[in-house]
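Engineer: quick one: sequence and predicted model below, then my questions.
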Amino acid sequence: MIYISLFTVAFMVATIVPFGSEMYFATLLSLNKYNNLLLLIAASIGNVLGSVFNWVCGYYVNYFIKKPWFPIKQDKIAKGTAIFNKYGKWSLLLSWVPFIGDPITFVAGTLRFSLVPFFDFSIYWESGKIFDNIFINNLGIKDILKWKLTVN
């Protein structure tokens with residue numbers, strides 16, 4: 001069940017829902033109750049599918065994009081479009097970066113960038129995200145959280 005919750009959080013983080021999964025991931029690692037590889041796999045699959053969801057939303061959103069209730073602000077779409085137009089498919093390597101990554105994957109869909117190359121690039125992006133999670137774990141956040149949990 002915990003793997004499904006981590007998948008869900010990672011999926012939402014990779015979409016337009018604004019929050020991070022790193023602390024949740026580090027907390028689960030610090031508990032030493034779960035298989036670390038399965039946690040990493042659940043987070044990774046959730047992140048990739050969340051980016052694909054962004055792409056699909058961008059692909060089919062042209063009717064809704066100008067509505068005032070639309071959750072992605074026009075300035076973020078404009079920023080993502082500018083980055084994507086300037087760097088093309090290579091901008092998808094930045095899709096893991098907070099605040100600009102989600103609009104880039106969204107814009108890739110609105111500009112009808114093919115899903116197959118997008119998915120190839122999401123593998124590079126996911127590698128970056130995995131290394132980010134491993135880096136966070138190796139920084140000792142896991143140990144800090146473990147200490148904090150035992151103190152309380």
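Structural biologist: Noted; the coordinates are in hand.

Engineer: counting neighbours, what do you get for residue 37?
Structural biologist: 8 (other C-beta atoms under 10 Å). Every C-beta, even on glycine, is put in place using the N, C-alpha and C of the backbone.

Engineer: and what of residue 40?
Structural biologist: 18.

Engineer: leaving out sequence neighbours, find the closest residue to residue 36.
Structural biologist: Sequence neighbours aside, residue 29 is the residue nearest to residue 36 in space, at 6.0 Å (criterion: C-beta to C-beta, 6 or more residues apart in numbering).

Engineer: what's the burial count for that neighbour?
Structural biologist: Neighbourhood size, residue 29 [other C-beta under 10 Å]: 21.

Engineer: can you check residue 14 too?
Structural biologist: 28.

Engineer: contacting residues for it?
Structural biologist: Contacts for residue 14 (C-beta atoms under 8 Å, 6 or more residues apart in numbering) come out as 46, 47, 48, 49, 50, 51, 53, 54, 102.
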